[in-house]
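Student: Just need the structure, nothing else, for what follows:
(one chain, ligands or ions: 1)
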Amino acid sequence: MPSSVLPPRAETAELLGRLAGGERLQPETARRLWHEAHDADWQALAGAVRARFHCPHDCTYLIMRIINYTNVCVAQCDYCAFYKLPGEPGGYVLDREAVFAKIDDLLARGGDLAGFNGGFNPHLPLDYYCRLFASIRERYGERLEFYALTVAEFLYLADRARLSLDDAAVRLRDAGVRWVTGGGAEILTEDFRARHSRFKYRVADFFDAQRALLAAGLKTTATMVIGFDESLEERIEHLERVRQFQDETGGLASFLCWSYKPYNTVLGGSEIAAEEYLRHLALCRAYLDNIPRLRTSVLTQNERALEGLAWGADDFDLPLEDEVTELAGARIDTDLERLLQRARALGFTPRYRHVAAAAAPAN
Ligand code: SF4
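Tutor: Numbers count the residues shown, from 1 in each chain. Sure thing, here's the model as predicted:
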């Protein structure tokens, strides 16, 4: 998706000026600017929207780890290198002590956020999750925060438990869960889901689940993954749906976009260039004018992700582990100080965003 022919500067400047001044980016304009605007124009536009929420040189970060508690999954997404079908050799479920050991290691290395992400495992009932999450809350108290599930896993659990989404959300909340993430969204169009993950869920289910989580008082986020075979139209449709949902609920704390890793997957393909990822971040920032926090993905873009701070992002994870993306080709960079130094060299002042402190502001 290259940028190509440039329009007359005066016309583009006038349009960008209106957008930077608060006019909403619409699908047709986004399409046109994607193809026609200079990278510098995208950066300026994203910077103007970013400045509505954050000081220009400020940014925040977290040290976190994804805990992949099970790789057994029945969804069979063709872009996934992580899952094993039930009964297949190599399938696992982590026991509680193994989960605690990963959390202890995270805390020892200065992190305070764990994100749980696993497969749709038909042998794990909702009670398994509730007991696990309650035990984590009891053991770690306010020293740790955790993203309990992705929205995709939540949908599967509720379905397996034959509970309404509202009732399942309440069960999780009563077990001590405070956060779920919008993970498992990939590209939120029906066509994309039919092409690549037809056993996962429909787009409407995803937003129904988000509504139920918010109604139960849980916090949630939105995500996106690019670089499969999705069209520009599909990317913009995804952003439009997320923006509409945020207009309706105001409940999305942040938006994180990462890029597809194609190795060891049925789908295969090749990785998008960092330049395309950065330009897409700017599109996200300009389009999602109602979500305060835009996160750039060190997990999939490594050091190049930090350049995203100049393309509209204001926050990033420094991840210690994520088997899902690592098996598909991601390389975890654990030289955290060097990554932070890179952010500083780009002119930003990274500040640790404590999510676990009892007095931490809403995230
Ligand atoms: S992406 Fe998630 S839901 Fe899809 S196959 Fe992999 S583990 Fe299962």
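
Student: Where does pLDDT dip in this structure?
Tutor: The model of the chain has pLDDT under 70 over residues 1-9, 357-363.

Student: Look through it and tell me its longest helix.
Tutor: When the chain is parsed with DSSP state H, its longest helix is helix 232-249.

Student: So what touches that helix?
Tutor: Residues from elsewhere that reach helix 232-249 (Cβ atoms under 8 Å, 6 or more residues apart in numbering): 1, 27, 30-31, 34, 185, 187-189, 191-192, 203, 207, 210-211, 214, 222, 224, 226, 252, 255, 280, 283-284, 287-291. The C-beta positions use only the backbone N, C-alpha and C, and glycine is treated the same way.

Student: Tell me which residues of it come out buried.
Tutor: Applying a neighbour-count criterion of 16 or more other Cβ atoms under 10 Å, one finds 234, 235, 236, 237, 238, 239, 240, 241, 242, 243, 245, 246 buried in helix 232-249.

Student: Same list, those, but as CSV with distance to residue 114 please.
Tutor: Converted to CSV, the buried residues of helix 232-249 look like this (distance: Cβ to Cβ, whole Å):
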residue, distance to residue 114
234, 31
235, 30
236, 33
237, 32
238, 27
239, 28
240, 32
241, 28
242, 25
243, 29
245, 26
246, 26
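
Student: can you put these in JSON lines and add distance to the ligand?
Tutor: Shown next, in JSON lines, are the buried residues of helix 232-249 (distance: Cβ to the nearest ligand atom, whole Å):
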{"residue": "234", "distance to the ligand": "18"}
{"residue": "235", "distance to the ligand": "19"}
{"residue": "236", "distance to the ligand": "23"}
{"residue": "237", "distance to the ligand": "20"}
{"residue": "238", "distance to the ligand": "17"}
{"residue": "239", "distance to the ligand": "21"}
{"residue": "240", "distance to the ligand": "24"}
{"residue": "241", "distance to the ligand": "20"}
{"residue": "242", "distance to the ligand": "19"}
{"residue": "243", "distance to the ligand": "24"}
{"residue": "245", "distance to the ligand": "21"}
{"residue": "246", "distance to the ligand": "24"}
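
Student: List just the nearest of the residues you listed to residue 145.
Tutor: Using Cβ to Cβ, residue 246 comes nearest to residue 145 of the buried residues of helix 232-249, at 22.0 Å.
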